[in-house]
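**Student:** Have a look; sequence and predicted model below, questions after that.
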Amino acid sequence: MQSKDYEIIIGLEVHAQLATRSKMFCRCEVDVDAAPNTKVCPICLGLPGILPQTNDQAIKLGIRAALALGCSVNLESRWARKHYFSPDLPKGYQITQYEHPLATGGALELPGMDKKVRIRRLHLEEDAGKLVHSSRETLVDFNRCGVPLAEIVTEPDISSVEEADTYLKELRLVLRSLGVSDAEMERGHFRCEPNISVRPRGQEKLGVRSEIKNLNSFKAVREGIERAVKDQIEWLEQGEKIVQTTYLWDEKLRELKPMRAKETAADYRYFPEPDLPPLILAGSEIAEIKSTLPDLPAVKRKKLIEAGLSEQDAAVLVAEPEWEEYFKGLLVEASASIKEASTWLLNEARGIMAERKETLAEFKVPVKELASLIKLLRDGKLTRPAAKDLLAAMADKGRGAAELMEELDLGSVSDEGLLEETARKVIEENPDVVDRYHKGKTGVLGFLVGQCMKKLRGKADPNAVREILLKSLQESK
Ligand code: ADP
Ligand code: MG
Ligand code: ZN
């Protein structure tokens, strides 16, 4: 059988760090970049006799995320201890939610894919510390112990690497746009654990899954999944039995390294956290949070598309708040239409930035100056090609539109006398064409406009030229 004879099935678990100032169960500041082991207290270190207390802000953020993902928030959820041994887990257990999570049963729509991924659950928990390896030794930093996380688990609904990638990007965007998490992947604030299985097409029973631990880049997720799929198909083809296993992704070797045979829930000896009461929420509290939710990215995109943007342009604006802001700035400063703003920002300026390998923050043309350029163009003071040249020069020199237009002599000829003279000359030089025009072949007008533009070195408003030509042709009859 070939790979196309197999169906790929993926479920994703994401750990997102909640954007709170203090930790989940104590008042230590969340600052994982601080000097090692300076943001710790007896509670997050798990010393004897401690009493954890929940962080209200973390709970609110968890509820926000859950509502945005269409989950039902449970009026009662519970805390549990999940036990395992690791040098970065000083308590010997993690406080999490197990049988009674904060929220269940949501879905996230994948943009441009006509597909919904169901969300099984969203629960709150605390992070573990960090091991810091050097060639000689391994040190442990407990600053991250107790940092609040939301874990978001999907149903096994994802059926390709592209869908997994799209799901993660959309989820990250939702969390960022809600202020729930900054979801910076390279800092480990948004980590993904894909679960992957394959099954021969037509088979109903799910295949045995491989789980990959803690990936923190889109690239690692894509490559890790691709590798797991390839390995699994190979094993099945060779008639090997797949054993449920947890892997680590080796970025350099591009290989999955078995970490452990999959532990079962029983291995964790989950039991109710005796130091924390159940988390009881009032319906009114949840409704209140719901009323503060901003438009979700999907809604924002829809509105922009309805206003006339392409799907792709809408996606750019919604994915990048600073692009959205710049765009809105153009609408205001230049009273630009959606079309004008998208042409000049998303096509022209974006193209220049790509060429110069600049981000919008590095781009030397402020909103105000791009707005001036749009106005100059609209008023016929610039031709389109000249406007493009001007923008490139502005991006290069970081100078204003009007000033640079003068200096580079890019402005259009608006002197009526000169335009009339040019039209007269072109009429004189092309008697045959003019004759054809008078005989009803009005299509040749374009050619005559072109000749005028050539004489004017492209620096005239073609509409103005056309009008003057029409007038002169009338007179030359
Ligand atoms: P655990 O917490 O032990 O990892 P869960 O049952 O919570 O296990 O499932 C974790 C993730 O694995 C979920 O996203 C789920 O959709 C996915 N999953 C479960 N079974 C399979 C399977 N056979 N193939 C692919 N994904 C699966
Ligand atoms: Mg898992
Ligand atoms: Zn603490």
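**Tutor:** The structure has been received and is ready for your questions. Keep in mind it's a predicted model, so treat the numbers as computed, not measured. Ligands and ions are numbered 1, 2, ... in the order given.
**Student:** which element is the closest residue to Tyr268 other than its chain neighbours on?
**Tutor:** The spatially closest residue to Tyr268, leaving aside those adjacent along the chain, is Lys82, at 4.7 Å (Cβ to Cβ, 6 or more residues apart in numbering). Bear in mind the C-beta positions are built from the backbone N, C-alpha and C, glycine included. Per DSSP states H and E: Lys82 is located in strand 80-83.
**Student:** Then Ala65?
**Tutor:** With elements delineated by DSSP H and E, Ala65 resides in helix 56-68, which encompasses its position.
**Student:** what's the answer for Ile9, then?
**Tutor:** Element membership of Ile9, judged by DSSP H and E, is strand 6-17.
**Student:** Next, the angle from that strand to helix 56-68.
**Tutor:** With axes from the mean of the first three to the mean of the last three Cα atoms, to 10 degrees as the basis, strand 6-17 and helix 56-68 are set at 150 degrees to each other.
**Student:** where along the stretch 201-350 of the chain do the strands fall?
**Tutor:** All strands of the stretch 201-350 of the chain, identified by DSSP state E, counting those that start in this stretch, fall at 210-212, 245-250, 255-261, 271-272, 279-280.
**Student:** Given the fourth one, what are its sheet partners and their directions?
**Tutor:** As defined by DSSP bridges, the strand partners of strand 271-272 come to strand 80-83 (antiparallel).
**Student:** contacting residues around the partner strand?
**Tutor:** With Cβ atoms under 8 Å, 6 or more residues apart in numbering as the contact definition, strand 80-83 has outside contacts at 92-99, 125, 268-273.
**Student:** Ligand 1 contacts on this structure?
**Tutor:** Residues of the chain found near ligand 1 (Cβ under 6 Å from any ligand atom) are 9-13, 153-156, 195-197, 206-207, 209, 211.
**Student:** Most neighbours out of those residues, which is it?
**Tutor:** Ile196 (28 neighbours; other Cβ atoms under 10 Å).
**Student:** what pairs with it across the strands?
**Tutor:** Beta-bridge partners recorded for Ile196 (DSSP bridges): Ile10, Ser210.
**Student:** Spit out the contact partners of the closest residue to Asp141 other than its chain neighbours.
**Tutor:** Excluding its sequence neighbours, the residue lying closest to Asp141 (Cβ to Cβ, 6+ apart) is Pro36, at 4.0 Å. With contacts taken as Cβ under 8 Å, 6+ apart, Pro36 has the following neighbours: 132, 139, 141-143.
**Student:** do that again at 10 Å, thanks
**Tutor:** Listed by Cβ atoms under 10 Å, 6 or more residues apart in numbering, the contact partners of Pro36 are 129-130, 132, 139-143.
**Student:** From those, which land in strands?
**Tutor:** Among these, the subset assigned to strands under DSSP state E consists of 130, 132, 139-141.
**Student:** And the pLDDT at Leu51?
**Tutor:** The predicted local confidence for Leu51 comes out at a pLDDT of 95.
**Student:** wouldn't it be in contact with Glu273 here?
**Tutor:** No: distance between Leu51 and Glu273: 11.2 Å, which falls outside the contact criterion (Cβ atoms under 10 Å).
**Student:** Quickly list what's touching both of the two.
**Tutor:** Each of Phe25 lies in contact with both Leu51 and Glu273 under the rule Cβ under 10 Å, 6+ apart.
**Student:** Just want to know which of the two has more residues nearby.
**Tutor:** Each of Leu51 and Glu273 had its neighbours counted (other Cβ under 10 Å), and the higher figure belongs to Glu273 (20 against 10).
**Student:** Excluding chain neighbours, what is closest to the more buried one?
**Tutor:** With Cβ to Cβ, 6+ apart, the residue lying closest to Glu273 is Trp79, at 3.8 Å.
**Student:** give me the number of residues near that neighbour?
**Tutor:** With neighbours defined by other Cβ under 10 Å, the count for Trp79 comes to 24.
**Student:** any idea how far it is from Lys91?
**Tutor:** Distance from Trp79 to Lys91, counting by Cβ to Cβ, to the nearest Å: 13 Å.
**Student:** Same check on Lys252?
**Tutor:** In this structure, Lys252 lies at 33 Å from Lys91, with Cβ to Cβ as the measure.
**Student:** And the two? Which one has more around it.
**Tutor:** Neighbour totals were compared for Lys252 and Lys91, and Lys91 leads with 19 against 5 (other Cβ under 10 Å).
**Student:** For the more buried one, which residues are in contact?
**Tutor:** So, once contact is read as Cβ under 10 Å, 6+ apart, Lys91 ends up touching 43-47, 50, 52, 81, 83, 126, 128, 145-146.
**Student:** Relative to the whole chain's centre, how far out is the longest helix seen in the chain?
**Tutor:** For the chain, the helix with the greatest residue count under DSSP state H is helix 218-237. The offset between the C-alpha centroid of helix 218-237 and the centroid of the whole chain comes to 24 Å, using Cα atoms, centre = their mean, to the nearest Å.
**Student:** Contacts only, for the most centrally placed residue in the chain.
**Tutor:** Among the residues of the chain, the smallest C-alpha distance to the mean C-alpha position (Cα atoms, centre = their mean) belongs to Ala319, namely 4.3 Å. When contacts are counted by Cβ under 10 Å, 6+ apart, Ala319 touches 111, 169-170, 172-173, 176-177, 297, 301.
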